[in-house]
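1. sequence plus predicted model, see below.
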Amino acid sequence: MPDHLTIIDHPLIQHKLTLMRRKETPSSTFRQLLWETSMLLAYGVTQDLPLVDISIETPLCRSRSPILDGKKLALISILRAGNGLLDGILEVIPSARVGFVGMYRDEETLEPIEYYCKVPAELENRLVIAVDPMLATGNSSVAAIDRLKKEGAQDLRLLCLLAAPEGVARMKEAHPDVPIFTASLDEKLDDRGYIVPGLGDAGDRMFGTQ
Ligand code: URA
């Protein structure tokens, strides 16, 4: 099993992340960068997937060559910002099944409110990767993972773009069995629950809302 927290610190990811953090980066560029970054993050979160050799015939000879073995994948986007990671990951894992858990954060209490849930069948037989760009307080991630476990998921990972130490600690307390993958562990949360230095509200940055 991977460590509880893995920082995927590939130079291309770090470069794109810096561009995304800049406040003057427009939504169209932000979305493009997030799409590119999520393809690279997909490598990190699947790095230890098991392989099995199969027998194939190349134009030259018979050969044994590896393909993915083990459980099928399910990607779960934690709405709405999760969709920004989903599309890029699907580019490189097109056969993954996809589900959605809709969570929004009550801006007063910072508590998560679930408004939608639709997930693929047989979650218990899949490697389930929940995607949400921002692991801030951890409240919505913990609630979404709670929900996915109720739906049968047993082998789960959480993939985010940025994480705050507070969110990582909250996840570790609530779901020590769920490894977290992120491009950066930022400094802290501010008093409104935003990640610092962060990149602002990921949904707003993606969709140009405020
Ligand atoms: N959600 C965001 O989109 N950004 C933050 O900084 C924290 C939570």
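-> Sure, I can see it.

2. helices or strands up against the top helix by length along the chain?
-> The longest helix of the chain (DSSP state H) is helix 27-45. Counting contacts by 3 or more CB pairs under 8 Å, 6 or more residues apart in numbering; DSSP states H and E, helix 27-45 is packed against helix 11-21, helix 83-92, strand 155-163, strand 180-185, helix 202-207. Yep, even glycine has a C-beta here, placed from its N, CA and C like the rest.

3. so it versus strand 155-163, what angle?
-> 140 degrees (axes from the mean of the first three to the mean of the last three CA atoms, to 10 degrees).

4. can you point out the buried residues in helix 27-45?
-> Neighbour counts over helix 27-45 (16 or more other CB atoms under 10 Å) mark 30-42, 44-45 as buried.

5. ditto for stretch 20-28
-> 20-21, 25.

6. which residues touch Ser65?
-> 53-54, 56 (CB atoms under 8 Å, 6 or more residues apart in numbering).

7. returning to that earlier point: report the rounded mean pLDDT for the longest helix of the chain.
-> In this model, helix 27-45 has a mean pLDDT of 97.

8. does any bit of it sit next to the ligand?
-> No: for helix 27-45, no contact with the ligand is found by CB under 6 Å from any ligand atom; the gap never falls below 11.9 Å.

9. so what touches that helix?
-> Applying CB under 8 Å, 6+ apart, the external contacts of helix 27-45 come out as 6, 8, 10, 12-13, 16-17, 19-20, 25, 84-89, 91-93, 129, 131, 133, 157, 159, 161, 181, 183, 205-208.

10. hmm, 6 Å instead?
-> 8, 10, 12-13, 16, 19-20, 84-85, 87-89, 91-92, 129, 157, 159, 181, 205-206, 208 (CB atoms under 6 Å, 6 or more residues apart in numbering).

11. the next helix or strand after it pairs with which strands, and in what direction?
-> Next helix or strand after helix 27-45 toward the C-terminus (DSSP states H and E): strand 51-57. Sheet pairing here is set by DSSP bridges, and for strand 51-57 it gives strand 62-68 (antiparallel).

12. in the following helix or strand past the strand it pairs with, what's buried?
-> Toward the C-terminal end, the helix or strand that comes next after strand 62-68 (DSSP H and E) is strand 72-79. Across strand 72-79, burial judged by 16+ other CB under 10 Å covers 73-79.

13. list the helices and strands strand 72-79 packs on?
-> helix 83-92, strand 97-105, strand 126-131 (3 or more CB pairs under 6 Å, 6 or more residues apart in numbering; DSSP states H and E).
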